[in-house]
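*Asks:* give me a model of this one.
(one chain, ligands or ions: 1)
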Amino acid sequence: MKILNLVFHPDLTTSRVNRAWKRILEESGKIDTSVDMYRRYPDFAVDVEQEQASLLEHDRIIFQFPMYWYSMTPLLKRWLDEVLTYGFAYGSTGNKLEGKDLQVILSVGGHPRFYSGFDIYATVYELLRPFQLTANLCKMNYMLPLWMFRADEADEETIENYGRRWAASIDDPGRSDAREYLRSLPDGTD
Ligand SMILES: Cc1cc2nc3c(=O)[nH]c(=O)nc-3n(C[C@H](O)[C@H](O)[C@H](O)COP(=O)(O)O)c2cc1C
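*Replies:* Got it, this is the predicted structure:
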């Protein structure tokens, strides 16, 4: 299985979590291609042909990013707008991504109680529904998302441990193991 990790952090030089996770995933030897997308496209001018060709070459696509305003970072939105075109990703003849896996890896600054699903709050899983719907539209397999709460407070060891956990599960062929991982996480993830 060929794995593509697209990292959408606005500035990896100031990142603690996503920079470490990107490195750990690369060191695992399981990632075929790993890209700092904001470095590739500092002016947001996404090269659609290049991105589509890269998608075709891989079987599992990872979007790794920090949660910003309960959502994705802006370049990832731009990338989705530009790259997942009608006739390529969806539509009656748009089947190029069919059967590929889509995996989200997310760092969340907030405490888990902010995402407990009570009161006005939504779970992280719910907030990531657009990715699930997008995967569905593109006939991709939506892998259960992986995330870590309290990203800004996490010490180095915690960040490394989560990164290693992601690396361990990243080439799981199916979804069930990822589900087990989610259940095993502290803070009631999922
Ligand atoms: C502009 C901005 C918006 C943010 N919005 C959220 C948010 O909606 N929910 C949340 O839990 N954390 C939020 N955060 C915190 C980030 O998720 C957190 O800083 C990040 O995951 C840490 O990862 P890093 O070390 O790779 O930068 C936000 C941070 C920034 C800078």
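*Asks:* residue ranges of the strands in the protein, please?
*Replies:* In the chain, the strands defined using DSSP state E lie at 3-7, 33-36, 60-66, 101-107, 141-142, 146-148.
*Asks:* the third one packs against which elements?
*Replies:* When contacts are defined as 3 or more C-beta pairs under 8 Å, 6 or more residues apart in numbering; DSSP states H and E, strand 60-66 packs onto strand 3-7, helix 17-27, strand 101-107. The C-beta positions use only the backbone N, C-alpha and C, and glycine is treated the same way.
*Asks:* so can I have a markdown table of those showing distance to residue 40 and mean neighbour count?
*Replies:* Listed next are the helices and strands packed on strand 60-66 as a markdown table, based on distance: least, C-beta to C-beta, whole Å; neighbours: other C-beta atoms under 10 Å:
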| stretch | distance to residue 40 | mean neighbour count |
| --- | --- | --- |
| strand 3-7 | 9 | 23 |
| helix 17-27 | 13 | 19 |
| strand 101-107 | 18 | 23 |
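*Asks:* got CSV for the ones you listed, with distance to the ligand too?
*Replies:* Output for the helices and strands packed on strand 60-66, formatted as CSV (distance: least, C-beta to the nearest ligand atom, whole Å):
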stretch, distance to the ligand
strand 3-7, 9
helix 17-27, 3
strand 101-107, 3
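*Asks:* do you know which of the ones you listed lies nearest residue 57?
*Replies:* Taking C-beta to C-beta, strand 3-7 is the member of the helices and strands packed on strand 60-66 nearest to residue 57, at 7.7 Å.
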